[in-house]
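> Pasted the sequence and its predicted model underneath.
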Amino acid sequence: MFSYCTDPSTLEGLTWLSCYLTTGKHMAFYQSFGTVMVLLAITAPVALAFGFAGATAARSRFLPLSILGKLYTAIVRGVPDIAFFMFFVIALDQAFEYLRHKVKCPDWSEPIRQGSDFVVCSQAKLPLSDSPQWVHETYGFSLAVLTFAIVFGAFAANVLFGAMKAVPRAQLETAEAYGMSPRQSFWRVLVPQMWIYALPGLSNLWMILVKATPLLFLLGVEDIVYWARELGATKTAKFTQYPHGNWMAYYFFGLLVFYLMLTSISERVFKRLTIRLSHGQATAAGEAQRKAAQ
């Protein structure tokens with residue numbers, strides 16, 4: 001990046017460090033922090049949508065839908081996250097390719113399962129072999145987002161289901177007495193009030209999601225953990241222009257600071273949300289607000 005970085009072997013001190021920290025790999029390392037933030041920004045609302053759908057299905061009076069919602073919550077929550085991520089991403093990728101194979105290669109006569117290999121026609125591959133690199137990266141990232149959303153959506157469904165049950169039944173009965181339909185009482189009474197009961201569980205779930213982002217490394221996405229391991233490992237002059245010893249402790253200390261800052265900001269945001277949602281609610285926090293206003 002700098003003009004004096006032409007010959008690193010002649011550099012010392014801060015000039016050497018400035019050149020080292022601005023190499024192409026370090027730029028990718030810095031960009032990977034953005035990858036983590038984008039993952040969180042997309043996954044959180046998608047997982048919440050999965051959770052809301054699962055909780056709504058679980059409390060449905062239509063028995064098959066109720067069973068489906070409860071099965072989704074129970075099965076996904078019962079499988080270890082790492083096992084689910086390692087299995088589900090492969091299964092989902094193969095499912096997409098299988099469907100494309102049936103559409104694009106109807107005359108294919110060879111078996112798709114050949115021992116331990118999964119073989120489809122070249123047109124059905126996702127992404128195509130001649131696709132640009134950004135397409136491959138976007139596809140892998142999309143699979144990661146969907147996997148995270150399904151896993152954490154199951155936990156969110158359990159939290160939201162409990163929050164829905166925590167809303168006093170008397171309020172729903174009052175809404176029905178005023179002539180509201182079950183649908184109206186659900187959207188106008190139950191949903192607005194359940195968030196204050198769900199927020200503690202959702203805040204914990206958010207923290208777990210933040211801590212789970214290093215699992216991107218297992219899904220083939222070059223995240224901050226991947227680059228910390230790559231850049232922090234011992235480098236000799238034979239393999240790089242900037243040789244150094246094992247610096248993993250420094251890189252992972254940087255990740256520690258990043259995650260602590262992110263969780264600290266998150267706690268402040270959730271605290272403000274709790275205060276806002278407690279206003280007018282029949283909860284301990286709402287009661288404290290009413291006493292403070294008197």
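Now that the structure is in, tell me what you want to look at.
> mind listing the strands for the chain?
Secondary structure of the chain (DSSP state E): strands at 113-114, 117-118.
> Residue 153 is in contact with residue 46, isn't it?
Yes. At 7.5 Å, residue 153 counts as touching residue 46 under the criterion of Cβ atoms under 8 Å. Every C-beta, even on glycine, is put in place using the N, C-alpha and C of the backbone.
> tell me the contacts of residue 241?
8, 9 (Cβ atoms under 8 Å, 6 or more residues apart in numbering).
> mind checking how far it is from residue 251?
18 Å (Cβ to Cβ, to the nearest Å).
> same deal with residue 92?
31 Å.
> one step back: from the strands of the chain, which stretch is densest packed?
Of all the strands of the chain, strand 117-118 carries the top mean neighbour count, a mean of 11, counting by mean count of other Cβ atoms under 10 Å.
> average pLDDT across that one?
Strand 117-118 carries an average pLDDT of 80.
> Who does that strand pair with, and is each partner parallel or antiparallel?
strand 113-114 (antiparallel) (DSSP bridges).
> Pull the distance from the partner strand to the chain's centre.
32 Å (Cα atoms, centre = their mean, to the nearest Å).
> Check stretch 97-109 too.
Distance of stretch 97-109 from the chain centroid (Cα atoms, centre = their mean) equals 31 Å.
> Just the buried positions in that stretch, please.
97, 100, 101, 105 (16 or more other Cβ atoms under 10 Å).
> What segments of this protein are helices?
13-20, 24-58, 63-78, 81-104, 133-166, 169-177, 182-185, 191-212, 224-232, 248-278, 284-293 (DSSP state H).
> re earlier: comparing residue 153 and residue 46, which shows the higher neighbour count?
Applying other Cβ atoms under 10 Å to residue 153 and residue 46 shows that residue 153 carries more neighbours, namely 26 against 17.
> For that one, which residues are in contact?
Here residue 153 is in contact with 46, 47, 48, 49, 50, 51, 53, 54, 76 (Cβ under 8 Å, 6+ apart).
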